[in-house]
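> Just need the structure, nothing else, for what follows:
(one chain, ligands or ions: 2)
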Amino acid sequence: MMDFPPELINFLKKATRVAVLTGAGVSQESGLRTFRDAQAGLWAQYRPEDLATPTAFARAPKLVWDWYAHRRESAKGAQPNPGHYALAEMEKMIPEFALITQNVDGLHRMAGSKNILELHGNILNVRCSECGTFAETWVDDLEFVPRCKKCNGLLRPDVVWFEESLPRVQLDAAINATRTCQVFFSIGTSGVVHPAAALAHAAKAEGAVVVEINAEPTPLTTKVDFAFHGKSGEILPELVKAVWG
Ligand code: BV8
Ligand code: ZN
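Ligands and ions are numbered 1, 2, ... in the order given. As a prediction, the model looks like this:
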């Protein structure tokens, strides 16, 4: 049983407004690779940053499509881990709770979280790169990228690529939750991708208590009020039990 600082426990017991930012580390114990982990197999030769861009898709649409098809299948086969469930539990205890996620794997929703802000989209959804229509079905195993039934445009994953803007509604809601929260958690993220990486600093500037839960130190670690280094799937359930029994 981990022992948490009493001042954090007492603060969380009284908190009514909490914002949580999660990154790929929260899904690591569900068997999904984080961005920093070396890619596997045939994808090992590519850097994610070189595939998750409109330029890459324009230059090699089939390569990018296949990378997402591979990751979509992994995400479909993944289950939420105790860290996802602990966050869904925490949400039930806090009147105003926002779960801001950089993850595209849909595992927070599967675990029962409700107020989820997907800043970088959702890999399980596919839309047309021209007219934006979402595709209900498509064929994955052809030698070319499937096309939109309405306008014949190339289909693409419904995620935010580098150099693409984040969805306005989700980002505004995330900024608002960050500005008004009493406690901000940064969990399983290396805190290098912007603008998500700026949220913890904004919370701090507004006087929130900032808590980091991550496998290793990050650039944020020296700036937070409490830092716990370890697996989120182990720390989060213990924290929820220590605060809310
Ligand atoms: C934008 C979807 C405006 C796609 C993703 C210089 C300064 C500031 C910004 C920029 C800059 N240069 C370029 C930019 C902009 C760029 C950016 O931030 N680049 C970075 C690389 C510097 N940002 C953008 O382009 C964004 N858009 O800014 O629009 C604009 C418009 C036009 C022109 C310019 C700008 C769009 C960013 C969104 C990109 N899409 N994902 C996909 O999934 O394929 S980002 C992707 O990478 C993920 O979603 C995630 O957000 C990010 C990876 O970060 P993490 O989630 O933190 O994962 P990571 O692997 O890094 O870390 C995991 C952590 O978990 C580690 O610390 C590890 O220790 C820990 N961990 C591991 N296991 C566990 C654990 N912790 C706990 N428990 C465990 N078990
Ligand atoms: Zn279309």
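
> What's the local residue count around E29?
For E29, the neighbour count with other CB atoms under 10 Å is 18. Where C-beta positions appear, they are placed from N, C-alpha and C, glycine not excepted.

> do the same with P5
11.

> doesn't F226 make contact with it?
Yes. Between P5 and F226 there is a contact at 6.5 Å, judged by CB atoms under 8 Å.

> and K149, what does it touch?
Residues in contact with K149 (CB atoms under 8 Å, 6 or more residues apart in numbering) are 133, 135.

> Surely A19 forms part of a helix?
No. Under DSSP: H, G, I helix; E, B strand; the rest coil, A19 falls outside any helix and is assigned strand.

> Is it bridged to anything, and to what?
On the basis of DSSP bridges, A19 is bridged to A98, F184.

> Give the other helices and strands that the longest strand anywhere in the chain contacts.
Across the chain, the longest stretch assigned as strand under DSSP state E is strand 121-128. Applying 3 or more CB pairs under 8 Å, 6 or more residues apart in numbering; DSSP states H and E, we find strand 121-128 packed against helix 61-76, strand 155-159.

> count of neighbours near Q102?
22.

> Enumerate every residue touching it.
21-24, 119-120, 189, 193, 196.

> in which helix or strand would I find G233?
Using DSSP states H and E, G233 maps to helix 232-244.

> Which residues belonging to that helix are considered buried?
232-240, 242-243 (16 or more other CB atoms under 10 Å).

> what distance separates it from the centre of its chain?
Mean-position distance between helix 232-244 and its chain equals 19 Å (CA atoms, centre = their mean, to the nearest Å).

> swap in stretch 83-97?
The chain centroid and the centroid of stretch 83-97 are separated by 16 Å under CA atoms, centre = their mean.

> check whether it contacts ligand 1.
No. Applying CB under 6 Å from any ligand atom, one finds stretch 83-97 separated from ligand 1 by no less than 6.9 Å.

> what comes into contact with that stretch?
15-20, 22, 26-27, 29-30, 99, 107-108, 110-115, 177, 180-181, 187-188, 231-237, 239-240, 243-244.

> still on that earlier bit, among the helices and strands packed on strand 121-128, show me which one is buried the most.
Per residue and on average, the most neighbours among those fall to strand 155-159, with a mean of 22 (mean count of other CB atoms under 10 Å).
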